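# Fold the stuff below for me.
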Amino acid sequence: MGRRTDHQIPMINFFRRIRKTLANDNKPSKYIRYALGEILLVVIGILIALQINNWNEYKKERKLERKVLTELLTSLEHNYDRMIYDSINRSNWNRSSDIVINTLEDGTAYSDTMNKHFQDARKPGTNLSLSYAGYEGLKNVGYTIITSDTLRKNIVELFELTYKALLEEMEYFESFQPDRQFYIDKLFSYEIDKYNPNDPFNVPIYPNNYPALLQDSIYLPMIKSVTVQRNIIAELQYENIKETQRIISLIENELN
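Numbering: from 1, shown residues only. Below is the predicted model:
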């Protein structure tokens, strides 16, 4: 029937002494009552032990839930910061695209102040890196560790639907112009003297032949297309930022 706890043993021994006395006194009815009492005592002890065990398991699960939610919160805060940073970059790149487009369409004379804008205008903005560490931890433990049905549903939808749609759109646009970098390298050269190892992807570029660039039939439509792609991604990312912020608030409320 299970192992008896230390606090049960003195009481059980007490009942056994009474049972032995009653048996010797030839009083079977009282003996039976005390025998039943001993059984009841053992059963109650087992039930109490089970309840304590269940409570300990419950506390362990809630501690694990808190750990999982804390890890999720860390991932979401990282994602929120990355998307905000990416949105700022995207806005700056769009501004450079507008300058390049207007300059070429107006036939404005070349100035080396354009070199930074030529570099930024070509960037598609499709290299967003999101953290899934907290979500993978949740999947490994099991979704049911989160007691709130609403919170669990929102977390799964954020990672499986909202983030997925954004990253798939970025992947699609990245494959939309597979020869973009090859074509840029034909038209432009890098200002090597301005190379910064701490910022290797922002080296200004200058046109190899600016008059020819003004007449090029591919470059300008390509930059316009990249700009439209960035704007589409920006709309999706804005929704992702709002939803990430909302889930962060839900998790913080749950942890508090």
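
# Give the rounded mean pLDDT of the host helix or strand of residue 37.
If you go by DSSP states H and E, residue 37 is part of helix 28-106. Averaged across helix 28-106, pLDDT comes to 87.

# helices or strands next to that helix in the packing?
helix 8-24, helix 115-121, helix 133-141, helix 219-255 (3 or more CB pairs under 8 Å, 6 or more residues apart in numbering; DSSP states H and E). (Glycine included, C-beta is placed from N, CA and C.)

# Present those helices as a markdown table; the columns should include distance to residue 212 and mean neighbour count.
Shown next, in a markdown table, are the helices and strands packed on helix 28-106 (distance: least, CB to CB, whole Å; neighbours: other CB atoms under 10 Å):
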| stretch | distance to residue 212 | mean neighbour count |
| --- | --- | --- |
| helix 8-24 | 95 | 14 |
| helix 115-121 | 14 | 21 |
| helix 133-141 | 49 | 16 |
| helix 219-255 | 10 | 16 |
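
# Which one of the ones you listed has the poorest average confidence?
Among the helices and strands packed on helix 28-106, helix 8-24 scores lowest, with a mean of 57.

# buried residues in stretch 75-87?
75, 76, 77, 78, 79, 80, 82, 83, 86, 87 (16 or more other CB atoms under 10 Å).

# show me what contacts the third one?
Meaning residue 77. Neighbouring residues of residue 77 by CB atoms under 8 Å, 6 or more residues apart in numbering: residue 248.

# And residue 213, how close does it get to residue 188?
9 Å (CB to CB, to the nearest Å).

# Give me the common contacts of these two.
With CB under 8 Å, 6+ apart as the test, residue 213 and residue 188 both reach residue 207.

# higher neighbour count, those two?
Higher neighbour count among residue 213 and residue 188: residue 188, with 20 against 17, using other CB atoms under 10 Å.

# Check the gap between that one and residue 194 for me.
Relative to residue 194, and taking CB to CB, residue 188 is found at 14 Å.

# and the closest residue to residue 115 other than its chain neighbours, how many neighbours?
Of all residues not flanking residue 115 in the chain, residue 204 sits nearest, at 3.6 Å (CB to CB, 6 or more residues apart in numbering). Using other CB under 10 Å, residue 204 is surrounded by 19 other residues.

# can you offset everything so residue one is 551?
Fine by me, first position is 551 from now on; the one you just mentioned is residue 754.

# Do I have it right that residue 754 meets residue 743?
No - look at residue 754 against residue 743 with CB atoms under 8 Å: they stay out of range, at 9.9 Å.

# Compare the helices and strands packed on helix 578-656 and give me the one nearest residue 658.
helix 665-671 (11.8 Å; CB to CB).

# Show residues contacting that closest one.
642-643, 646-647, 649-651, 738, 741, 752-757, 773, 776-777.
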